[in-house]
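Student: Give the three-dimensional model of this entry:
(2 chains)
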Amino acid sequence: MTGVLPVALNDATKVLKVLLEGGKEYVCVMQLHGPAEPSMVESVLAEFQGEIYQRPPLRASVKRTLRTRTVYYINLLEAEGRLVLFKAGCQAGTYVRKLCFDIGQVLGTGGHMKELRRTRVGPFTEDVALASLEELAQAHDQFKEGDASRLVRLLQPVEDALALVPKMTVRDSAVDAICHGADLAIPGIFSLEKEITPESTVAVFTLKGEAVSLGRALMSTEDILEKEKGIAAKTERVVMKPGTYPKKWRG
Amino acid sequence: MALRPPWEIKREVVQKAVDETDAAYGCEPEKRNLEQRIEYGFLNVDKQAGPTSHDVTATVRRLMGAKRAGHSGTLEELCSRDIRV
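Tutor: Now for the predicted structure:
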């Protein structure tokens, strides 16, 4: 398997959960075990778009019970002989290997996954400073020789990993308390995104656009806009180091 | 019918309070120096066939001299070694 593998460094590791639970996109080569018309393949692929039932494969890291997963889209790119090339955007935890097997069953030919390349993990795509280990090592060599520019270009801020998570922006005065683990209270909020509902994961940002923490919303956007006090979000993971912003709280 | 994947959902921001930020504290992400970029950074690695996601992560961690590194879910290494027909 090849493709997009975002690697978090140091404090950025605290937001990995968001990418684990984020959507993925794959380009896959599937080997059919018998002949099939491309038009037939196309219509069978279309049946796998939407909510599908999937039992994780034998060698899987999760319990093997039937569960539903959403396939956002699945498009045929090419069908030649018994090889099928398709692109699929799917919910976290969708097994493409299993998807191939099931497509083969419905087609009646049988089939299996031959090659898989991941083209997206949440906000990270092949267009976002993608670098192989070799390219990374070269950038690091250049840095040791005094030119850090290439390495700097490859390093993506942790904030980019949170691009698809609903955000709440807080005032400077609320930042340090959150860095020490405090929950986010309504008076600390500067702005927030619409359509936040209780229980949804939220990313807390500063006015400078820095990630402070990940939390769980306790109120909807409407409630937060309406109310003057109360806890808006429970802090679950702190990203920013305490002491980055001044202490303006008593504890 | 195609469903909207999470990366195509647009959200609007609403303001709750009036305030400004003090330039004396913190740092805009794009203005971070190399050390800070490693402290709060991601590398978008193009994984090749062969080494596991875990191997790749360990290599990146050593190369960058980071205390910690982690990846966002394995690229199914288990099955890259045998594909049965």
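
Student: ok, which stretches of chain A are strands?
Tutor: With strands called from DSSP state E, chain A shows them at A:2-9, A:24-32, A:50-54, A:67-80, A:83-90, A:111-121, A:124-125, A:155-157, A:167-170, A:184-185, A:189-193, A:201-205, A:211-217, A:231-238.

Student: okay, which residue is most central for chain B?
Tutor: Geometric centre of chain B, nearest residue: B:Phe42, 4.1 Å, by C-alpha atoms, centre = their mean.

Student: circling back to that earlier point, adding distance to B:Glu8, write the strands of chain A out as CSV.
Tutor: Placement of C-beta: from N, CA and C, glycine included. Formatted as CSV, the strands of chain A follow (distance: least, C-beta to C-beta, whole Å):
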stretch, distance to B:Glu8
strand A:2-9, 17
strand A:24-32, 11
strand A:50-54, 16
strand A:67-80, 9
strand A:83-90, 9
strand A:111-121, 12
strand A:124-125, 13
strand A:155-157, 20
strand A:167-170, 17
strand A:184-185, 28
strand A:189-193, 16
strand A:201-205, 18
strand A:211-217, 22
strand A:231-238, 25
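
Student: and A:Val15, which of those is closest to it?
Tutor: strand A:211-217 (6.1 Å; C-beta to C-beta).

Student: rewinding a little: for the residue nearest to the centre of chain B, helix, strand, or coil?
Tutor: strand (DSSP: H, G, I helix; E, B strand; the rest coil).

Student: Per-residue pLDDT of it, please?
Tutor: For B:Phe42, the model assigns a pLDDT of 98.

Student: How about it: which residues does it bridge to?
Tutor: A:Ala8, A:Gln156 (DSSP bridges).

Student: Now do the contacts for it.
Tutor: Contact analysis of B:Phe42 by C-beta atoms under 8 Å, 6 or more residues apart in numbering or on different chains lists A:Pro6, A:Val7, A:Ala8, A:Leu9, A:Ala12, A:Phe124, A:Leu155, A:Gln156, A:Pro157, A:Val158, A:Asp160, A:Ala161.
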